[in-house]
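Enquirer: what follows is a protein structure lacking sequence information:
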């Protein structure tokens, strides 16, 4: 048995011949917020569903709150709060009715029901709207209410599957504040997202791609550790042609479009200042490259492309 | 099993039913509509068979015979015809089911020999009606003959028949008026309950899968049995309400005699409601799509209850193989029970066998349904 509230060992899920999650190892400590980051279809939801006991692992095993997810899934369920990717409260019930329903299902002690429901309503910022049908509420309220329903029984472990997708930025910020409060009270939280900027809110980030855990560490660690070269920002036009030209150069490890500019990862000893001249030779105008600190997205792009080129060689 | 979770489930489901006009309409209006349609629409009685008459002779005797046809109440005069051809045309056009032709020498032959032929032609496209109409015609003729024989004998100085006659004095039990409505309506109640009941619950689990609420629900510690019983409870109340509505309208609107005990009726109705709700629930669990589940529920309840339950088509008349199949048609037991309780006033003891069959079905379906619900996505 693992001391960590969430522990996965070689967790694998296959659907027929397709491997959705491959040999995933993950340890999450008490009170820690781990961001599960990767593109759609990378295996984030499948992993979370296995950890909730909703999918049976094809191989490997996992423990949540000290219980085996395959053999003791009912005990796991009593110790987790889960927000599925799709909004999953009852739209034809009011906020308060949804809360009361889940309080009954989780058998929240009777003398605490009133207090916990009031707390959840306050947390969701739903005061004055608690008697409105949930389907009439805006996205941010719905998400916070769903979180409120998932934590009514004060679960030690929370699995939140893309809780902020489709929620306006301000509400997103507020949602992350709530998550931090919960972690501060000792909850262990795994949050998936495909928004890279949200990774900065997490204690640690697990990057997942094509079913494999690519890297795991604090946002700072990942940014510093993973780049094999130096990163430059390059303003140039047209972007598409420049990208193609740069990717064919031997000293360029990776190039990718970021907004209206390119991020170029160069070999350590390469001369970045020569790039505009090279591009000019191909009728591409470029300003002088500027060395920048990598974002998590840079790290992720590079990790994924390295894996792809490795796969290509195999 | 936790009473609190059960209550939370049942309360939530009740709220959803209350706020869903579609399921409320199915629950409350469908029985009313079907009771009117099936109650009035289905009648196996054949009365006032339209009859055409071609009286070639137009004598007192022939007119007396026509009168005895029409006075019997079984036939009604459709048309008086003037030719052999008109008879054919009237039958072709469906203006009448039967046509009686009285020959031109009818009374002369009758007076001289004591016997005279009368022709009756029937449209047998509907064999059942034709057979019954022929029976009616024979009855009318037999009465008229006896009447004539008595008068003929008196005229010829024969005071009484020389041979003894045996008179059959039939007594009809349980449905004294031989009114087919009394036979049909109790069965109609079973048909309606089966249709409505399975429809209601066929949506209850599939709706949660379609809306995405099921994934949240199965991530909680709720038990399969709590989900099932909690979801079925409000529908059980609705089912009993519908049953009461149908049964009361059978007694007070359609005037079907009720001779049994209300307790027996209540117990068996409860069992049957459980069976049909369980079937809908089971389909909903297995199929996971609202449309699919409700279509199959309709198919699985409509066909067996209307065709194989014996509510309109007697099981005794079916071929042996089909009769064997009806043993598995749960509705036949309830139809049998309803009819017996309504018309015969049968007690629990009399109905032990069908009640046990119904109870066994209920237990089996509830057991399978509870086990079919999986708290997993794969």
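Expert: Nice, I can see it. Keep in mind the model is a prediction, meaning the values are calculated, not measured.
Enquirer: burial of residue A:115, as a residue count?
Expert: When neighbours are defined as other Cβ atoms under 10 Å in any protein chain shown, residue A:115 has 10 of them. All C-beta atoms are positioned from the backbone trio N, CA, C, and that covers glycine.
Enquirer: distance-wise, check it relative to chain B.
Expert: To chain B, residue A:115 is 17 Å away according to Cβ to the nearest Cβ, to the nearest Å.
Enquirer: give me every residue in the stretch 101-250 of chain B lying close to chain A.
Expert: If contact is defined as Cβ under 8 Å from any Cβ of the partner chain, the residues of the stretch 101-250 of chain B in contact with chain A are B:211-222.
Enquirer: of these, which is the most crowded?
Expert: Counting neighbours by other Cβ under 10 Å, residue B:219 leads those with 26 neighbours.
Enquirer: follow-up on the earlier one: report the two of the residues of the stretch 101-250 of chain B next to chain A separated the most.
Expert: For those, the farthest-apart pair by Cβ to Cβ is B:211 and B:221; their separation is 21.2 Å.
Enquirer: excluding sequence neighbours, find me the nearest residue to the residue of chain B at minimum distance from chain A.
Expert: Nearest to chain A in chain B, going by Cβ to the nearest Cβ, is residue B:8, at a distance of 2.6 Å. Setting aside the residues directly before and after it, residue B:8 is nearest to residue A:104 in space (Cβ to Cβ, 6 or more residues apart in numbering or on different chains), at 2.6 Å.
Enquirer: before we move on, what about residue B:245?
Expert: Closest residue in space to residue B:245, ignoring its immediate chain neighbours: residue B:31 at 5.8 Å, by Cβ to Cβ, 6+ apart.
Enquirer: that neighbour in helix, strand or coil?
Expert: For residue B:31, the assignment made with DSSP: H, G, I helix; E, B strand; the rest coil gives helix.
Enquirer: that's a strand at residue A:4, yeah?
Expert: No. Secondary structure of residue A:4, determined by three-state DSSP: coil, with no strand assignment.
Enquirer: surely it touches residue A:30?
Expert: Yes. Taking contacts as Cβ atoms under 8 Å, residue A:4 lies within contact range of residue A:30: 7.4 Å.
Enquirer: and those two? which has more neighbours close in?
Expert: Set residue A:4 next to residue A:30 and count neighbours by other Cβ under 10 Å: residue A:4 wins out with 18 against 14.
Enquirer: in chain A, which residue sits closest to chain B?
Expert: Minimum separation of chain A from chain B (Cβ to the nearest Cβ) falls at residue A:104, amounting to 2.6 Å.
Enquirer: which other residues reach the host helix or strand of that residue?
Expert: Assessed by DSSP states H and E, residue A:104 sits inside helix A:95-105. Residues external to helix A:95-105 that are found in contact with it (Cβ atoms under 8 Å, 6 or more residues apart in numbering or on different chains): A:89-90, A:93, A:113, A:116-117, A:120-121, A:124, A:126, A:129-132, A:134, A:137, A:141, A:145, A:148-150, A:152-153, B:4-5, B:7-9, B:11-12, B:15, B:217, B:220-222.
Enquirer: next structured bit after it?
Expert: If you walk from helix A:95-105 toward the C-terminus, the next helix or strand you reach (DSSP H and E) is helix A:110-123.
Enquirer: chain center to whichever helix or strand comes after that next one, what's the gap?
Expert: Sequence-wise, the next helix or strand downstream of helix A:110-123 (DSSP H and E) is helix A:139-150. Here the centre of mass of C-alpha atoms in helix A:139-150, compared against the chain's by Cα atoms, centre = their mean, to the nearest Å, lies 18 Å away.
Enquirer: any idea of the mean pLDDT in the helix or strand following helix A:139-150?
Expert: Next along the chain after helix A:139-150, taking DSSP H and E as the criterion, comes strand A:157-161. Confidence over strand A:157-161 (mean pLDDT, whole number) is 96.
Enquirer: neighbouring strands for strand A:157-161, and are they parallel or not?
Expert: Strand A:157-161 has its sheet partners listed here by DSSP bridges as strand A:80-83 (parallel), strand A:188-193 (parallel).
Enquirer: okay if I get those strands as CSV plus mean neighbour count and mean pLDDT?
Expert: Conversion of the strands paired with strand A:157-161 to CSV gives the following (neighbours: other Cβ atoms under 10 Å in any protein chain shown; pLDDT from 0 to 100):
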stretch, mean neighbour count, mean pLDDT
strand A:80-83, 27, 95
strand A:188-193, 25, 94
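Enquirer: distance to residue A:218 for these - can I get that in a markdown table?
Expert: A markdown table is the format used below for the strands paired with strand A:157-161 (distance: least, Cβ to Cβ, whole Å):
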| stretch | distance to residue A:218 |
| --- | --- |
| strand A:80-83 | 24 |
| strand A:188-193 | 15 |
